[in-house]
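Enquirer: okay, sequence plus prediction incoming.
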Amino acid sequence: MNTQRTIEERLWDFIDGTSTVDEKSNVERLLEGNLEWKAKYHELLEVHQLIQASELEEPSMRFSKNVMDQIAKLHIAPATKTYINKKIIRGIGIFFILLVAGFLVYGFGQVNWSTKGDDSFLENINKVNFNKFFSNTWVNAFMIINVVLGLFLLDNYLSNKRKDYRKEA
Amino acid sequence: MSTGLNDSEIIGKVLSGEQQAYALLVNRYQSYVFTLALRFTKNREDAEELSQDIFIKAYRSLSDFRGTAKFSTWLYTIVNNACISFLRKKKLEVHSLDNEKFFEVADNQDSGMRANMIEQKSKIAMVNKAIALLGPDDAEIITLFYKSEQSLDEISKILGLEINTAKVRLHRARTRLKEKMETYFAEEVKDLN
């Protein structure tokens, strides 16, 4: 069954012209020497030609007029990019960055940097009372939103990278 | 009005205020859009209404068309979204590729269609009827590939799929179409050989 599917998929690629050069010559060789492949090829080619011969359906004669009558009352909406102001998007971004920075400054502000002696930086960090701000519902909600937005941004970035990579390939 | 204009030129005219130029685009793509809509609705009245809505939606959003893809690809994306919304509204089940139950339902529904088809020897009519027996997903991808002049890359964009997924879906859709033809139109297929 699996082999059969593989043969069909390879033959469809061959018929559609999407096979690589190597694959194309492999399939051509198989078609010359293998009866099973040859029979399958003719079967699929026939389906391909039949679909090509199919026709489009036509709407009613008044279709175009109906559409034009309806759009006569309408206006084209302005392009999305004209009403989404980049400055607003940047402003929102800066707002979130400042908020995160504010939290960091507040947190590190609790560290006694001037302490001398045995107190290391790590020990000072441990003295920061994280419970003070992480027990607040609003702060937690804010952090969750930030994490979700961050993940969304990362996903966008990675999918763009993947697309670029595919284009180059 | 000249009909030798390409899509971009027509869009330019429409955007600059020549609303009537949009009729050229409607005339050019109405059969493609209507056929795709019919693949989903399975009913001419609904398909016609849905196609009109699609052209109106495309007109309203025309300034969002940036010309990075073909106009047809952009339009078929609207068609795909509108058809999916239509199915949701109608609470029709959108069947996945592996949902064999759909075929049982379709088989029962269309047993009458077969009786009529026996009298029709036209291979074109046979293929069209066989396509109509497919689920919307299969019928759509076959129509996009064969009749709407869309490459697999463009189809993957329209359907929001990876290119390989679109390719596999097309392969499977053709296999199912072949099965439909062999099951329901065995006599006609034999006559063709």
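Expert: Right, received. Where do you want to start?
Enquirer: can you list the domain ranges for chain B.
Expert: Structural domains annotated on chain B: B:7-89, B:100-192, as defined by automatic domain parsing.
Enquirer: state the mean pLDDT of the shortest one.
Expert: Meaning domain B:7-89. Across domain B:7-89, pLDDT averages out at 92.
Enquirer: hey, where'd the helices end up in chain A?
Expert: Using DSSP state H, the helices assigned to chain A run over residues A:2-16, A:21-33, A:35-53, A:63-71, A:80-83, A:86-109, A:121-127, A:130-134, A:137-168.
Enquirer: these into TSV, with extra columns for mean pLDDT and distance to chain B?
Expert: Using the backbone N, CA and C atoms, a C-beta is placed for each residue, glycine as well. Shown next, in TSV, are the helices of chain A (pLDDT from 0 to 100; distance: least, C-beta to the nearest C-beta, whole Å):
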stretch	mean pLDDT	distance to chain B
helix A:2-16	80	5
helix A:21-33	92	13
helix A:35-53	90	5
helix A:63-71	93	5
helix A:80-83	67	5
helix A:86-109	80	16
helix A:121-127	67	45
helix A:130-134	65	39
helix A:137-168	76	8
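Enquirer: so of those helices, which one's packed in deepest?
Expert: Burial of these is given as mean neighbour count (mean count of other C-beta atoms under 10 Å in any protein chain shown); helix A:63-71 ranks first at a mean of 17.
Enquirer: list the contacts of that helix.
Expert: B:19-20, B:22-23, B:26-27, B:30, B:34, B:48, B:51-52, B:55-56, B:59 (C-beta atoms under 8 Å, 6 or more residues apart in numbering or on different chains).
Enquirer: circling back to that earlier point, of the domains of chain B, which is nearest A:His48?
Expert: Using C-beta to C-beta as the measure, domain B:100-192 is the one of the domains of chain B that comes nearest A:His48, at 7.6 Å.
Enquirer: now check the closest one, is it near chain A?
Expert: Yes. Using C-beta under 8 Å from any C-beta of the partner chain, we find that domain B:100-192 touches chain A at B:123-124, B:126-128, B:131, B:142, B:146-147, B:152, B:163, B:167-168, B:170-171, B:174-175, B:177-178, B:181, B:192.
Enquirer: spatially nearest residue to B:Leu24 (excluding sequence neighbours)?
Expert: In space, and not counting its chain neighbours, B:Leu24 is closest to B:Ile10: 5.1 Å by C-beta to C-beta, 6 or more residues apart in numbering or on different chains.
Enquirer: number of residues surrounding the one you found?
Expert: 21 (other C-beta atoms under 10 Å in any protein chain shown).
Enquirer: quick check: it vs A:Pro78, distance?
Expert: The spacing between B:Ile10 and A:Pro78, counted by C-beta to C-beta, to the nearest Å, is 20 Å.
Enquirer: mind listing what the closest residue to A:Ile7 other than its chain neighbours touches?
Expert: The shortest distance from A:Ile7 to any non-neighbouring residue, by C-beta to C-beta, 6+ apart, is to A:Lys40 (5.7 Å). Applying C-beta under 8 Å, 6+ apart, we find A:Lys40 in contact with A:7-8, A:11.
Enquirer: ok, B:Ile124 next?
Expert: A:53-55.
Enquirer: restrict the contacts of helix A:63-71 to contacts with chain A.
Expert: Okay, of the contacts of helix A:63-71 touching chain A (C-beta under 8 Å from any C-beta), that's B:19-20, B:22-23, B:26-27, B:30, B:34, B:48, B:51-52, B:55-56, B:59.
Enquirer: for the residue nearest the centre of chain B, which non-adjacent residue is closest in space?
Expert: By C-alpha atoms, centre = their mean, chain B has its centre lying nearest to B:Leu36, at 2.2 Å. Leaving aside its chain neighbours, B:Leu36 sits nearest to B:Val79 (5.0 Å; criterion: C-beta to C-beta, 6+ apart).
Enquirer: is it possible to export the domains of chain B to CSV including distance to A:Phe142?
Expert: Below are the domains of chain B laid out as CSV (distance: least, C-beta to C-beta, whole Å):
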stretch, distance to A:Phe142
domain B:7-89, 33
domain B:100-192, 32
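Enquirer: with just CA atoms, put the top helix by length along chain B into PDB.
Expert: When chain B is parsed with DSSP H, its longest helix is helix B:163-184. Taking C-alpha atoms only, helix B:163-184 is exported to PDB below (Å, rounded to 0.1, in the frame of the first residue of the first chain):
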ATOM      1  CA  ILE B 163       3.900  23.700   0.000                       C
ATOM      2  CA  ASN B 164       4.500  20.000   0.600                       C
ATOM      3  CA  THR B 165       1.200  19.700   2.400                       C
ATOM      4  CA  ALA B 166      -0.500  21.300  -0.500                       C
ATOM      5  CA  LYS B 167       1.200  18.800  -2.800                       C
ATOM      6  CA  VAL B 168       0.200  15.800  -0.800                       C
ATOM      7  CA  ARG B 169      -3.400  17.200  -0.500                       C
ATOM      8  CA  LEU B 170      -3.500  17.500  -4.300                       C
ATOM      9  CA  HIS B 171      -2.200  14.000  -4.800                       C
ATOM     10  CA  ARG B 172      -4.800  12.600  -2.500                       C
ATOM     11  CA  ALA B 173      -7.600  14.700  -4.000                       C
ATOM     12  CA  ARG B 174      -6.800  13.300  -7.500                       C
ATOM     13  CA  THR B 175      -6.700   9.700  -6.100                       C
ATOM     14  CA  ARG B 176     -10.100  10.200  -4.600                       C
ATOM     15  CA  LEU B 177     -11.400  11.700  -7.800                       C
ATOM     16  CA  LYS B 178     -10.100   8.600  -9.700                       C
ATOM     17  CA  GLU B 179     -11.900   6.400  -7.200                       C
ATOM     18  CA  LYS B 180     -15.100   8.300  -7.600                       C
ATOM     19  CA  MET B 181     -14.900   8.000 -11.400                       C
ATOM     20  CA  GLU B 182     -14.200   4.300 -11.200                       C
ATOM     21  CA  THR B 183     -17.000   3.700  -8.700                       C
ATOM     22  CA  TYR B 184     -19.800   5.900 -10.100                       C
END
